[in-house]
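Engineer: Predicted structure and sequence below. I'll ask about it afterward.
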Amino acid sequence: MSPDPVKRAFLVVDDEPFVRMDLAELVRECGLEAYEAGSTSEALAVLERAAESFSGLITDVNMPGSRSGFVLANHVRVVWPHIRIIVVSAGRKPLTGELPADTAFIAKPWNQDALSAAIGGI
């Protein structure tokens, strides 16, 4: 299913299904469409098909496979610079230079108001 080109959409990327569903629900509560991916490779496949329809991306840092959320965030910034990026993590905060410019970082467990503000800041 492709995002509605008229309504802004967010891609939520997290390998934990319940966390991903919670994040997607928060995106919907902010008035946006939410699409979900369980891995970096799945997220890239979605973006390659319809990146112009997405205004934002939320990704966890720890992802299955060889590409982390940091890698995804940096790739998205280069290839699709129009997409706003939010990175969430329970594991660790990013080191200086690990995230592209203009990327929001929110630690898990996230503060719902802070995450809603980051999502709504698009």
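Structural biologist: In hand now; what should we look at?
Engineer: Just the CA atoms of the longest helix seen in the chain, as PDB, please.
Structural biologist: Longest helix in the chain, counting residues (DSSP state H): helix 17-29. Extracted C-alpha coordinates of helix 17-29, given in PDB (Å, rounded to 0.1, in the frame of the first residue of the first chain):
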ATOM      1  CA  PRO A  17       6.400  -5.000  16.700                       C
ATOM      2  CA  PHE A  18       4.700  -3.600  19.800                       C
ATOM      3  CA  VAL A  19       7.100  -0.600  20.000                       C
ATOM      4  CA  ARG A  20       6.500   0.000  16.200                       C
ATOM      5  CA  MET A  21       2.700  -0.200  16.700                       C
ATOM      6  CA  ASP A  22       2.900   2.300  19.600                       C
ATOM      7  CA  LEU A  23       5.000   4.700  17.600                       C
ATOM      8  CA  ALA A  24       2.700   4.400  14.500                       C
ATOM      9  CA  GLU A  25      -0.300   5.100  16.700                       C
ATOM     10  CA  LEU A  26       1.400   8.200  18.100                       C
ATOM     11  CA  VAL A  27       2.000   9.300  14.500                       C
ATOM     12  CA  ARG A  28      -1.700   8.900  13.700                       C
ATOM     13  CA  GLU A  29      -2.600  10.800  16.800                       C
END
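Engineer: tell me the average confidence for it?
Structural biologist: Averaging pLDDT along helix 17-29 yields 94.
Engineer: cool, stretch 113-122 as well?
Structural biologist: 82.
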